[in-house]
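Chemist: Prediction below, plus the sequence it came from.
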Amino acid sequence: MYSLNIVYKQLKDKIYERLREKSKSTYIDYFDESELVHLDENDAIIVTPYVFNKAMLSDVITEINDSFLVLLNQNVSCVIETTDDYRKKYIIDTITKDLSDNLLPDFSFDNFIEGPSNKEAKMAALTCAMQPGEKFFNPLVIYGDSGLGKTHLLHAIGNYVKQNNYDKKVLYITSLDFVKEVGKSLRDNTIEEYKNQLNSVDILLVDDIQFLSGKQKSNEIFFTIYNELFNNRKQVVLTSDRPPVQIKDIEERLKTRFSQGLSVTISSLEFETAVKILELKLKNHHLDKSSIDCDVISFIAKNFSTDVRNLEGALNRLLFYSINFSKGQKIDLPLALEAFKDKLQFTSYSHAELSSKVIIKAVADYYSLTEKQLVSKSRTKNITTARHVAMYLCRIHLDNSYEKIGDDFGGRDHTTVLSAFEKIERLLKENEMYRKIISDIEKIFTK
Ligand code: ADP
Ligand code: MG
């Protein structure tokens, strides 16, 4: 943009020169507030905020194009647009063209293992993917705890539609992205364009709608988009960590709409489903059943099946351990016990002894904070980080609900806890230092 400004400044000097030569100086004033916004080998676009100025500049387009030739030694064909038209014609066009569907191709129905805990949700998702827009399934709401496959099913619907219905436009977004995008478009004055974009899709997949809680403006805008889509028989699929009626601080009229279609839930995994998922994940790692004893599979399924994310984490740890310490020989139970000896230590830690109080104290000690600071409203960075770590530990060691953890940490909302949990989970994946911090803290309270 900076260099375009410089070009434009030099260009204007040339243009003004010409206009003066041709006794057309009166045109010069109409260049005020105009801008050169695009320039390539052949084309240029100059914008001005006013319709009248556009007409005046178009009048002297020959002088403008001649000046380009003198300045750049190339033939450029320039068009004049009002700023408004320019935005509508060019910017939106590129946005819609580039609007990605955000779908992750790895999440499909084929690699989603079905069991009693998720059968209903899978059936509903599949039916909805086969007949998008059917009134009975609109909206489809899938709810349940974290790590049980909600996001997986949402992408699976999108991928299915994309493969079988080429002309349908699909969009996956998380409600947090939606809130962010609404905020940005309100600031940039492009909210109408954003609404148009969402209204132009045939299947809108919105993940984690509980995060719409307390976001009033986003609620209002989501409501209008939802109505428009619904009235045009476009499919909306939503996920949430709880039934929509239980989401706090979202508009009543939205809750009513969400309950209009079909709500299905996914519950915790049963043992057999966990085993099947593990077998599938092994296959994805190109390992067959003979490379791992079946009692190891049962062992992991039994100890880590609170959710699928946990299960995957345990399997990855085991494979990592086997590659590094047993040179890839058959994985047997002694090896598994060795790989999980730290983990098992605290799973066997009696729940009566381990409590959120104990964890809060351990984390506070580690960060040299007081327990009171940890549960306070303070947003100082190191206190916030310590708080998130403590919330994470309460979730994985005590299996407390997000609500309960919120209560234990000074009456915080469950959505805050969930996003803290997911943040630490992400950091642990990406950052060795965090893994070290967590295991050091675990050592304090499992001593
Ligand atoms: P949620 O959105 O409910 O928190 P995800 O959809 O992100 O959970 O699932 C977490 C991980 O577990 C993903 O890698 C997903 O592919 C996997 N997963 C969940 N359920 C199943 C299942 N039934 N079969 C295979 N993989 C699953
Ligand atoms: Mg999810």
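Modeler: Sure, I can see it. Bear in mind that the values here come from a model prediction, so they are computed numbers and not experimental data. Ligands and ions are numbered 1, 2, ... in the order given.
Chemist: What about residue 152, how many residues nearby?
Modeler: Counted with other C-beta atoms under 10 Å, the neighbours of residue 152 add up to 20. C-beta: built from backbone N, CA, C; applies to glycine.
Chemist: Could you list every helix and strand in contact with the helix or strand where residue 7 lies?
Modeler: Using DSSP states H and E, residue 7 sits in helix 2-21. For helix 2-21, the elements it packs on are strand 35-39, helix 61-72, judged by 3 or more C-beta pairs under 8 Å, 6 or more residues apart in numbering; DSSP states H and E.
Chemist: most packed of the ones you listed?
Modeler: Among the helices and strands packed on helix 2-21, strand 35-39 has the highest mean neighbour count (mean count of other C-beta atoms under 10 Å), at a mean of 18.
Chemist: Any residues of this structure in contact with ligand 1? List them.
Modeler: 107, 111-113, 118, 146-152, 277, 308-309, 312 (C-beta under 6 Å from any ligand atom).
Chemist: what do you get if the cut-off is 8 Å, keeping everything else the same?
Modeler: Contacts of the chain with ligand 1, taken as C-beta under 8 Å from any ligand atom, map to 106-107, 111-115, 118, 122, 144-155, 207-208, 239, 266, 269, 273, 276-277, 280-281, 307-309, 311-312.
Chemist: Sort out which of the residues you listed are buried, if you could.
Modeler: Taking 16 or more other C-beta atoms under 10 Å as the criterion, what is buried in the residues of the chain next to ligand 1 is 107, 112-113, 115, 118, 122, 144-155, 207-208, 239, 266, 269, 273, 276-277, 281, 307-308, 311-312.
Chemist: Only C-alpha atoms, please: export the helix holding residue 7 in CSV.
Modeler: Extracted in CSV, the C-alpha atoms of helix 2-21 (Å, rounded to 0.1, in the frame of the first residue of the first chain):
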residue,chain,number,x,y,z
TYR,A,2,2.9,2.3,0.9
SER,A,3,4.5,1.9,-2.5
LEU,A,4,1.2,2.5,-4.2
ASN,A,5,0.9,5.7,-2.4
ILE,A,6,4.3,6.8,-3.7
VAL,A,7,3.4,5.8,-7.2
TYR,A,8,0.1,7.7,-6.9
LYS,A,9,1.8,10.8,-5.7
GLN,A,10,4.2,10.8,-8.7
LEU,A,11,1.4,10.0,-11.0
LYS,A,12,-0.8,12.8,-9.8
ASP,A,13,2.1,15.3,-10.5
LYS,A,14,2.1,14.0,-14.0
ILE,A,15,-1.6,14.2,-14.4
TYR,A,16,-1.9,17.7,-13.0
GLU,A,17,0.9,18.8,-15.4
ARG,A,18,-1.1,17.5,-18.3
LEU,A,19,-4.4,19.0,-17.1
ARG,A,20,-2.8,22.4,-16.7
GLU,A,21,-1.3,22.1,-20.2
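Chemist: Other residues contacting it?
Modeler: Residues from elsewhere that reach helix 2-21, judged by C-beta atoms under 8 Å, 6 or more residues apart in numbering: 25, 27-28, 31, 35-39, 46, 60, 63-64, 66-68, 70-72.
Chemist: if we go to 7 Å?
Modeler: Contacting residues not belonging to helix 2-21 are listed as 25, 27-28, 31, 35-36, 39, 60, 63-64, 66-68, 70-71 [C-beta atoms under 7 Å, 6 or more residues apart in numbering].
Chemist: just so I have it, where are all the strands in the protein?
Modeler: Counting by DSSP state E, the segments of the chain that form strands are 35-39, 43-48, 77-82, 140-143, 170-174, 203-207, 235-240, 262-265.
Chemist: which helices and strands does the last one pack with?
Modeler: On a contact count with 3 or more C-beta pairs under 7 Å, 6 or more residues apart in numbering; DSSP states H and E, strand 262-265 meets helix 119-130, strand 140-143.
Chemist: closest to ligand 2 out of these?
Modeler: The minimum distance between ligand 2 and those falls on strand 140-143, with 9.8 Å, by C-beta to the ion.
Chemist: mind listing what's buried in the closest one?
Modeler: 140-143.
Chemist: got a list of what the one residue in the stretch 201-350 of the chain that gets nearest to ligand 1 touches?
Modeler: Minimum separation of the stretch 201-350 of the chain from ligand 1 (C-beta to the nearest ligand atom) falls at residue 308, amounting to 3.3 Å. By C-beta under 7 Å, 6+ apart, the contact set of residue 308 is 147-149, 269, 277.
Chemist: Show the low-confidence segments of the chain, by residue range.
Modeler: 1-2, 88, 91-99, 328, 343-352, 446-447 (pLDDT under 70).
Chemist: In this structure residue 83 contacts residue 47, no?
Modeler: Yes. Contact criterion C-beta atoms under 7 Å: residue 83 and residue 47 qualify, at 4.8 Å.
Chemist: between the two, which one's more packed in?
Modeler: Neighbours per residue (other C-beta under 10 Å) separate residue 83 from residue 47, with residue 47 holding more: 23 against 16.
Chemist: ok, now which ones touch the more buried one?
Modeler: With C-beta under 7 Å, 6+ apart, residue 47 has these contacts: 34-35, 37, 81-83, 86.
Chemist: Residue 414 - nearest residue in space that isn't next to it in sequence?
Modeler: Take residue 414 and drop its neighbours on the chain: the residue closest to it by C-beta to C-beta, 6 or more residues apart in numbering is residue 402, 3.8 Å away.
Chemist: any idea how far the one you found lies from ligand 1?
Modeler: Look at residue 402 and ligand 1: by C-beta to the nearest ligand atom, to the nearest Å, they are 12 Å apart.
Chemist: Now do that residue: how many residues are near it, please.
Modeler: Using other C-beta under 10 Å, residue 402 has 25 neighbouring residues.
Chemist: residue contacts, it?
Modeler: Residues in contact with residue 402, defined by C-beta under 7 Å, 6+ apart, are 414, 417-418.
Chemist: nearest to ligand 1, of the residues you listed?
Modeler: Lowest distance from ligand 1 to those (C-beta to the nearest ligand atom) belongs to residue 418, with 9.6 Å.
Chemist: how deep is the closest one tucked in, by neighbour count?
Modeler: The number of residues packed near residue 418 is 21, by other C-beta under 10 Å.
Chemist: was I right about it contacting residue 241?
Modeler: Yes. Counting by C-beta under 7 Å, residue 418 touches residue 241, with 6.4 Å between them.
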